[in-house]
Structure formats: C-alpha cells, structure tokens
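Q: quick one, fold the following:
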Amino acid sequence: MQRRTKIVATLGPSTDDPKVLDAMIQAGVDVVRVNFSHGTHEEHMRRAEQVRNRARAHGRQVGVFADLQGPKIRIDRFRNGKIQLVEGARFILDAELDKDAGTEERVGITYKALVDDVTRGDTLLLDDGAVVLWVEEVKGFEIETRVVVGGELSNNKGINRKGGGLSAQAITDKDRADIKAAAAMQADYVAVSFPRSAEDIYEARALLRQAGGHGGIVAKIERAEAMDALEEIMEATDVVMIARGDLGVEIGDAELPAVQKRIIRVARTMDRVVITATQMMQSMIENPIPTRAEVFDVANAVIDGTDAVMLSAETATGKHVAKVIEAMDRICRGAERQRMDMATERRTSVHFRTADEAIAKAAMYTANHTGVKAIAALTESGATPLWMSRISSGIPIYALTRHVETRRKVTLYRGVYPVSFDVTTTDHPQVNREAIDELMRRGAVRDGDLVIITKGDLAGVHGGTNAMKIIRVGEHLPNAD
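A: The predicted structure is shown next:
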C-alpha cells in the first residue's frame, strides 16, 4: 500500500550530510522545507539543490517549500543570556533599551510598535506561553507588566498577545528579499507567516511572480484574526498550514483541536491543500521512538484528511532524522487503513466551474463505485489531480505530466503521485496504451484491472481535460476514443 498522506521535513544542520539526505529520501520524505528564519540564502540554495540531486539519483521527485520568517515579534537579548522571572514580580518590556542590555527588571523588544498595540489588562505570552505577563500600564516606550506565570526566559523568545490583535504587517522587508531567493531556487511553494487577510496572500503571490517564481502560496494560519478571515484567505491561497505553535498561544490550547479539525474540513471542501504542523513528533528530537500521544496526534490529523504532516526541529536539528520520517510514515499508513468519512456537502450543492473540474469529480465518483485500481490523470498544471485528491478515496492518482514544476507541485497532494510523461501526441489510442504501460511498469496495475484515464482532446493545453475513459488492462484498445 502506498502512503497517501505526504511528509514534509525541514532541512537544517542535521540534514547536511548526503548520507542523511539519502536516508530521508529512502524513508519516504515527499517535500523538504527551507526555513528562512535561520541561515543564509546561499545555505538554502545549496540545500535545495542537494535534495533535488539526491532525489534524482533515487528516481524520486521531492518538492521544495520555502518558509518566510514574517514579522519578528520577539524580546531582545539579556546581558547574561537568560533570567529567572518570579510570579508577582514587576517586569518591563522596553522599546528603547539596547538590544543586548536585558536584565531581571527589563528587556528590549524587536517590534517597537508593541507599545501602541497593547493596553492595561492585556495578557502577553512569551516563549510559546511558557511565561505569562499581565500588562499594568503603557508609559511612552515602556510596557509595565506583572509576571503571572514565571520561569526561565532566555534570549530572542517570541511574544504573542492573547486573543491576537498585533498590527505587524505579514510581509517584511526581509521577506521581500527572501521571496526573490525563493524564486531563484525555483521553490515549489512559498509560505507566508502570520497573514491576517487575503491581501497578504495576494501581495506575496505578486512579489513571487515579479521575481520570476512560479510556486504556489502557503498561508500559515497562526494568528487569531486569521481564523476570522479563514474562508477569504483560503480563496486567495493554494495551501494552508495549521501552524499550531503561535496559533495555540493566541487562541488557547484548549481551542486548538477543534480549530485544527475545522481548518482541515474547510480546506478540503474549498479544494485547498492543507498541512498540519508543529511539534508532531517533538520528542524524537532526542529520542529514537515517538510517544503514544504523538502517534495519536499524527494519526488523528491523517484520519481528519490532512494532505501532509510536517516535521520541524525533529529533522532540522534532531538526532534521528531518518527514524522520525520512518515513524511518521508508519503512523500515516496505519491511520490510512481506517475508513474516513469526510465532509462533502459543498460537492453535492455547487455547480462545477470548468469542464476539467467536472471530469475530475466524475472520475472519482466512478472510481469509488466500480472497483477501479488506479487513475491516470494526464495533466499540464496539476489542477485535475488536485480536484481528484479532495474526494475521499483509497485509489492512487497518478499525475502524468511533462512539466517538472507540476511533478514537484503534486508531491504535496494527498494520494497523488508524480509521473514523467509526455502527453503532447494527438494519437489518443497511443496515449492510452502508453499510460497503461507506465502504470504496469510501476506495478500499480496488472492484467484485468480497471483503470480510469482523464485527458483533453487538445494535448498540451492548460485546463483542457474534458474526457474520462475506463479501460481494463490487457484488453485490446480500440484505434479511436
């Protein structure tokens, strides 16, 4: 059984060894993430190229996903590297303090406008909520607080306002430079951190296209206000990521499970790809096996219908890079053996916008009711297999395309597998035969199996899919469609 849920793994110091990369690819990684919050453009370019070279050597296609840093809302640094905050103590966030001058009494902040965004009574959460401060008063450039939950606080930890509402722009000057680097590395996806509205997504897409990039856009849902604009953000983006770290801090950890399920459900009904991320296998940064809680976390996301599950520090800096991918692969396969009933209300009530969307949905309905073993979607842009992948099914979808960009793009789609295939011939019976031959070479089908082929009358035309054909492998194929 092929795994349908895709695995995204973050590159970092732990993955720089070519032997580790080989082990990652053999373990089944589908997409790699380069995190622009750390490292240089040169490092990211080198890592992306190295992954693509090793993937080619293994006969695999691996996508590359560039993750923008977004607004850096953090405390500055302490003179001694860290402090200990005691419950009830007074502590000041000082927008004018030197960035290396933090003490037990005060620390600087990177986001100077924080003084304009908070008022008395607000709750600030530092270091993903490990330290909690209550705002007593804002005086000029100082935010005077009382420590509600104390503990150790070290350099450069993040700041969130409970309930959201910080006014920092999603796309920074650093992000604009990083988008150009992402375009230069031909990133298949670029992720926007902390978007508040669809406008942030449109801006990122325009900047990427201006830089010559052709990748899709990922909207990271990590602000409370992003949940209020979820549908409009979904309309604007190609992919959504449930970034559970900052999102959980802003909305509260108790709210997070239901919100995750809602995002996955809305993404699937709106034909968008969805990634579930943050601390999925956190213990495996150090340990060779996951906790039972982590097993359940990954499995529940898979059963809910996520397209992909993501690893962050587990692979970027972890001690067991290949083992964590192998463990995630094993958990995904186990969860996929369970029956999944996903919401389809929208599919039964809306009109299809295009012929290729209608063919894609009709093919999946037919496949699910006729014992079809595989679907061969001849595609230019990848749109047809994307629509197919939104329907709950255990039937593998093979995206047959001549475009390497499309093959890389579909590495993120649940249940879709990229295949290099030239579909420019106008001899339809020949195309059918070659498509079946390709599936047989891959061991996907054998004599007697039913296969669905979707394609267009005009080969090589984007959005041209307008036909579906059911073929029994091994039977004589006629000379006309």
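
Q: for E43, give its distance to I285.
A: 20 Å (Cβ to Cβ, to the nearest Å). C-beta coordinates here come from the backbone N, C-alpha and C atoms, glycine included.

Q: looking at the two, which is more packed in?
A: Neighbour comparison, E43 and I285: the larger count goes to I285, with 19 against 15 (by other Cβ atoms under 10 Å).

Q: how much space between the more buried one and A9?
A: Applying Cβ to Cβ to I285 and A9 gives a distance of 13 Å.

Q: what do you get for R390?
A: Distance from R390 to A9, by Cβ to Cβ: 24 Å.

Q: with neighbour numbers in mind, choose between these two.
A: A9 (30 against 26).

Q: any idea which helix or strand in this structure has the lowest mean pLDDT?
A: Every helix and strand of the chain was ranked by mean pLDDT, DSSP states H and E. The lowest is helix 345-349, at a mean of 48.

Q: coming back round to it: shared neighbours, I285 and A9?
A: The contact sets of I285 and A9 overlap at E314 (Cβ atoms under 8 Å, 6 or more residues apart in numbering).

Q: ok but V20 is inside a helix, no?
A: Yes. The assignment for V20 is a helix, going by DSSP: H, G, I helix; E, B strand; the rest coil.

Q: pLDDT wise, what is the nearest residue to it once chain neighbours are set aside at?
A: Sequence neighbours aside, V321 is the residue nearest to V20 in space, at 5.4 Å (criterion: Cβ to Cβ, 6 or more residues apart in numbering). V321 is assigned 97 on the pLDDT scale.

Q: settle this for me: V321 is touching D16, isn't it.
A: No. The pair V321 / D16 is not scored as a contact, 10.5 Å apart, by Cβ atoms under 8 Å.

Q: model confidence for D341, exactly?
A: D341 is given a pLDDT of 46.

Q: ok so, going back, mind checking which of V321 and D16 has more residues around it?
A: Taking neighbours as other Cβ under 10 Å, V321 and D16 compare with V321 leading, 26 against 13.

Q: residues in contact with stretch 278-294?
A: By Cβ under 8 Å, 6+ apart, the list of residues contacting stretch 278-294 reads 242-245, 248, 297-298, 301, 309-314, 317-320, 323-324, 327-328, 331.

Q: report the buried residues of it.
A: Of all the residues in stretch 278-294, those buried under the rule 16 or more other Cβ atoms under 10 Å are T278, Q279, M280, M281, Q282, S283, M284, I285, P290, E294.

Q: and what of stretch 168-179?
A: In stretch 168-179, counting by 16+ other Cβ under 10 Å, buried: A168, A170, I171, T172, D175, D178, I179.

Q: how about stretch 60-73?
A: Buried-residue list, stretch 60-73, by 16+ other Cβ under 10 Å: R60, Q61, V62, G63, V64, F65, A66, D67, L68, G70, P71, I73.

Q: repeat that for stretch 88-96.
A: Quick answer for stretch 88-96 (16+ other Cβ under 10 Å): F91, I92, L93, D94, A95.

Q: do the same with stretch 29-49
A: 29-36, 39, 41, 44, 47-48.

Q: as CSV, those residues with distance to A204 and pLDDT would be great.
A: Below are those laid out as CSV (distance: Cβ to Cβ, whole Å; pLDDT from 0 to 100):
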residue, distance to A204, pLDDT
V29, 25, 98
D30, 23, 98
V31, 18, 98
V32, 20, 98
R33, 16, 98
V34, 16, 98
N35, 16, 96
F36, 13, 96
G39, 20, 92
H41, 17, 97
H44, 17, 97
R47, 22, 97
A48, 19, 96
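
Q: from these, pick the one nearest D427.
A: D30 (33.1 Å; Cβ to Cβ).

Q: check contacts around the closest one.
A: K6, I7, V8, V62, G63, A308, T411, L412.

Q: so of the residues you listed, which ones are in helices?
A: Per DSSP state H, helices hold no members of these.

Q: could you dump the helix or strand harbouring R268 to CSV, C-alpha only?
A: Using DSSP states H and E, R268 sits within helix 256-269. The C-alpha coordinates for helix 256-269 follow below in CSV (Å, rounded to 0.1, in the frame of the first residue of the first chain):
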residue,chain,number,x,y,z
LEU,A,256,-6.8,24.2,19.1
PRO,A,257,-8.0,20.7,18.4
ALA,A,258,-11.5,21.8,17.2
VAL,A,259,-9.9,24.6,15.2
GLN,A,260,-7.5,22.2,13.5
LYS,A,261,-10.4,19.9,12.5
ARG,A,262,-12.3,22.9,11.2
ILE,A,263,-9.4,24.1,9.1
ILE,A,264,-8.9,20.7,7.5
ARG,A,265,-12.6,20.4,6.8
VAL,A,266,-12.9,23.9,5.2
ALA,A,267,-9.7,23.3,3.2
ARG,A,268,-10.9,20.1,1.6
THR,A,269,-14.4,21.5,0.8
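
Q: what segments of the stretch 151-300 of the chain are helices?
A: For the stretch 151-300 of the chain, the helices defined by DSSP state H, counting those that start in this stretch cover 173-184, 198-210, 224-228, 230-236, 244-251, 256-269, 292-304.

Q: same question, the stretch 351-481 of the chain
A: Per DSSP H, counting those that start in this stretch, the stretch 351-481 of the chain carries helices over the ranges 355-370, 383-389, 404-409, 428-441.

Q: wait, which of the ones you listed is closest to A101?
A: Nearest of these (Cβ to Cβ): helix 404-409, 46.3 Å.

Q: any chance you could list what contacts the closest one?
A: Surrounding helix 404-409, the residues in contact under the criterion Cβ under 8 Å, 6+ apart are 61-64, 186, 188-189, 214-216, 379-382, 399, 401, 418-420.

Q: repeat for stretch 259-277
A: 8, 218, 221, 227, 230-231, 234-235, 237-244, 247, 251, 301, 304-310, 312, 342-347, 386-387, 390, 412-414.

Q: try stretch 92-105
A: Applying Cβ under 8 Å, 6+ apart, the set of residues contacting stretch 92-105 is 75-79, 83-85, 90-91, 106-110, 112, 114-115, 124, 133, 141-145, 155, 159.

Q: quick one: average confidence on that stretch?
A: Averaged across stretch 92-105, pLDDT comes to 96.

Q: how near is the residue most central in space within the chain to D329?
A: The C-alpha lying nearest the average C-alpha coordinate of the chain belongs to I275 (Cα atoms, centre = their mean; 3.9 Å). Distance, I275 to D329, by Cβ to Cβ: 16 Å.

Q: same check, this time on T406
A: 24 Å.

Q: and G448, by the same measure?
A: G448 is 30 Å from D329, by Cβ to Cβ.

Q: please apply the same query to D100.
A: 44 Å.

Q: more neighbours, those two?
A: Neighbour count, other Cβ under 10 Å: between D100 and D329, D329 has more, with 18 against 11.

Q: isn't there a helix covering that one?
A: Yes. Checked against three-state DSSP, D329 lies within a helix.

Q: show me the contacts for the closest residue to E235 other than its chain neighbours.
A: Leaving aside its sequence neighbours, E235 sits nearest to A198 (Cβ to Cβ, 6+ apart; 6.5 Å). Shown in contact with A198 (Cβ under 8 Å, 6+ apart): A229, E232, I233, E235, A236.

Q: list just the nearest of these to L439.
A: E235 (34.7 Å).

Q: counting neighbours, what do you get for the closest one?
A: Neighbour count of E235, defined by other Cβ under 10 Å: 11.

Q: could you report the pLDDT at it?
A: The model's pLDDT for E235 equals 97.
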